[in-house]
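Asker: coordinates only, sequence not included:
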């Protein structure tokens, strides 16, 4: 039994339950404090009765995925929103002696990950990834070669710290014989990983880049715009490559605020915008949200019965 008090459904039983229908994946990208947008999107999806069979996340998207994997319902997402609303920049990005040492070339990072570790240890409702109620797959990048590494088992907190380890900002994380850093280095929006894990319908929860269509006025603005362009192009490329093997639904951020990824002062508004974006997509795409909700409730009853029998 997991530390969240629930027994995880065995993978063989899950495969049997999924037989005859298309496995659904939620793919969550990175984006620092803009990850709050995904919380609203998740709330809309669950309110519409759409539940994932697997969760794949990079960086902050991995953190959101890990929480939802342990509490996969609307109530769980509402609790995640409350956690987000309580965060401040210094909780995640504290500046101190570590930053000074990094700037002086005495360290390979600017910020300690102790604050982030503390947040994860307090809130992730299980100790190991395989204890999640819904399979959680955390994407990190190998520091040596830049390749994506998908972590699906083992201690949850180190995996999440690795996926969030922005090079030069947070320290790399050693797991086994590998030094791992932020999953966004290899794949910011890991659709490929979802397809490889068997997903046939994929909801992509992007955070949007408010600076993408603005004229940069300084060096930082130019760097952020260049990064956003690369991420957008990679997303378009992955959709084009995999559209024949999976239904891919991209939930775009709705007029995202011009907020820095290190600014936690606009969380409530970002959550609201994420919800509005997802809800609009679900209703305007012709989806029968009410019917989907009824179908999801029936499926949930079936899964709960299987879990009790496991």
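Answerer: That came through, no problem. Quick caveat: nothing in here was measured; it's all calculated off a predicted structure.
Asker: can you tell me how far residue 42 sits from residue 183?
Answerer: Remark: distance between residue 42 and residue 183 (CB to CB, to the nearest Å) = 19 Å. All C-beta spots, glycine's among them, are computed from the backbone N, C-alpha and C.
Asker: could you do residue 67 as well?
Answerer: Computed as CB to CB, the residue 67 to residue 183 distance reads 17 Å.
Asker: between the two, point out the one with more neighbours.
Answerer: With neighbours defined as other CB atoms under 10 Å, residue 67 and residue 183 compare such that residue 183 has more, 31 against 27.
Asker: would you agree that one is in contact with residue 161?
Answerer: No - judged on CB atoms under 8 Å, residue 183 makes no contact with residue 161 at a distance of 11.5 Å.
Asker: does the residue nearest the centre of the chain count as helix, strand or coil?
Answerer: For the chain, the residue nearest the mean C-alpha position is residue 61 (1.8 Å; CA atoms, centre = their mean). Classification of residue 61 using DSSP: H, G, I helix; E, B strand; the rest coil returns helix.
Asker: look up how far residue 122 lies from it.
Answerer: According to CB to CB, residue 61 stands 20 Å off from residue 122.
Asker: same check, this time on residue 78
Answerer: Distance from residue 78 to residue 122, by CB to CB: 18 Å.
Asker: residue 245: how many residues sit nearby?
Answerer: 10.
Asker: and for residue 192?
Answerer: For residue 192, the tally of surrounding residues (other CB under 10 Å) stands at 20.
Asker: do the same with residue 57
Answerer: Counted by other CB under 10 Å, the residues lying close to residue 57 total 32.
Asker: kindly report the same for residue 200.
Answerer: A count of nearby residues for residue 200, using other CB under 10 Å, gives 16.
Asker: equivalent analysis for residue 123, please.
Answerer: Using other CB under 10 Å, residue 123 has 14 other residues around it.
Asker: that one contacts residue 82, doesn't it?
Answerer: No - under the criterion of CB under 8 Å, residue 123 is not in contact with residue 82, lying 10.3 Å apart.
Asker: against residue 267, how distant is residue 273?
Answerer: When distance is defined by CB to CB, residue 273 is 11 Å away from residue 267.
Asker: ah, wrong one, I meant residue 90
Answerer: Counting by CB to CB, the separation of residue 90 from residue 267 is 14 Å.
Asker: the two: which is more packed in?
Answerer: Shown here are residue 90 and residue 267; by other CB under 10 Å, residue 267 has more neighbours (23 against 11).
Asker: and the closest residue to the more buried one other than its chain neighbours, backbone torsions?
Answerer: Using CB to CB, 6 or more residues apart in numbering and skipping the chain neighbours, the partner closest in space to residue 267 is residue 36 (4.6 Å). When read as degrees, to the nearest 10, the backbone of residue 36 gives phi -60, psi -30.
Asker: all strands of the stretch 101-250 of the chain, in order?
Answerer: Assigned by DSSP state E, counting those that start in this stretch, the stretch 101-250 of the chain shows strands spanning 136-142, 148-151, 173-175, 178-182, 201-205, 247-251.
Asker: any buried residues in the shortest one, and which?
Answerer: The neighbour-count check on strand 173-175 (16 or more other CB atoms under 10 Å) flags 173, 175 as buried.
Asker: sheet partners, orientation included, of that strand?
Answerer: Take DSSP bridges as the rule and strand 173-175 pairs in its sheet with strand 178-182 (antiparallel).
Asker: go on, the second one?
Answerer: For strand 148-151, the pairing partners within the sheet under DSSP bridges are strand 136-142 (antiparallel).
Asker: low-confidence ranges, this protein, go.
Answerer: Where the chain drops to pLDDT under 70, the residues are 1-20, 95-109, 188, 209-231, 254-257, 286-310.
Asker: quick one: the helices in it?
Answerer: For the chain, applying DSSP state H gives helices covering 11-18, 36-47, 60-70, 74-85, 89-92, 97-103, 114-123, 156-163, 191-196, 219-242, 267-284, 289-309.
Asker: from residue 146, how far out is residue 90?
Answerer: Going from residue 90 to residue 146 by CB to CB gives 31 Å.
Asker: now swap in residue 197 and tell me
Answerer: Residue 197 sits 21 Å away from residue 146, going by CB to CB.
Asker: so for the two, which sits in the more crowded spot?
Answerer: Just comparing residue 197 and residue 146: by other CB under 10 Å the higher neighbour count belongs to residue 197, 17 against 10.
Asker: what's across from the residue nearest to that one when sequence neighbours are not counted in the sheet?
Answerer: In space, and not counting its chain neighbours, residue 197 is closest to residue 54: 5.9 Å by CB to CB, 6+ apart. For residue 54, the beta-bridge partners are residue 25 (DSSP bridges).
Asker: so what's residue 54 up against?
Answerer: For residue 54, the contacting residues are 23, 24, 25, 26, 134, 135, 136, 137, 194, 197, 198, 199, by CB atoms under 8 Å, 6 or more residues apart in numbering.
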